[in-house]
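Participant: Model the following, please.
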Amino acid sequence: MGTLFTIVDVAPTQELRQAAGFINQEVDELRCVGLAWVAFHRGQYYSVYFAGEAKTLPAFSRGAVLDLADEISKLKQKKR
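Facilitator: Predicted coordinates:
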């Protein structure tokens, strides 16, 4: 059947570096106590991970991830 998607082999953008730095700063300053993410990796795979309170409070985390899904839907609709 083949692969369903291919992640373009590009270098990390400045926006990605800034986002990662922001999260790191929030953790260092004790403002961020939980994190749930999907990371796209070079090649054809991604990882999903939960840490901190995101792992402790799965129902709340699921709601937050659904909010992210809604935001992604808005991005997709703008491209039409």
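Participant: Determine the longest helix present in this structure.
Facilitator: Counting residues, the longest helix found in the chain (DSSP state H) is helix 58-78.
Participant: Tell me the secondary structure at residue 12.
Facilitator: Following DSSP: H, G, I helix; E, B strand; the rest coil, the label given to residue 12 is coil.
Participant: If I look at it, what pLDDT would I see?
Facilitator: We have a pLDDT of 89 for residue 12.
Participant: For it, give me phi and psi.
Facilitator: Its backbone dihedrals place residue 12 at phi -60, psi 140, with angles given as degrees, to the nearest 10.
Participant: Based on its surroundings, how many neighbours for it?
Facilitator: By other CB atoms under 10 Å, 9 other residues sit near residue 12. Glycine gets a C-beta too; all of them are placed from N, C-alpha and C.
Participant: picking that back up, what mean pLDDT does the longest helix of the chain get?
Facilitator: The model assigns helix 58-78 a mean pLDDT of 92.
Participant: Residues contacting it, please?
Facilitator: Residues lying outside helix 58-78 but in contact with it, judged by CB atoms under 8 Å, 6 or more residues apart in numbering, are 34, 36, 50, 53, 54, 55.
Participant: Tell me if I am right that residue 20 is in a strand.
Facilitator: No: assignment of residue 20 by three-state DSSP gives helix, placing it outside any strand.
Participant: So for it, what's the pLDDT?
Facilitator: Looking at residue 20, its pLDDT reads 96.
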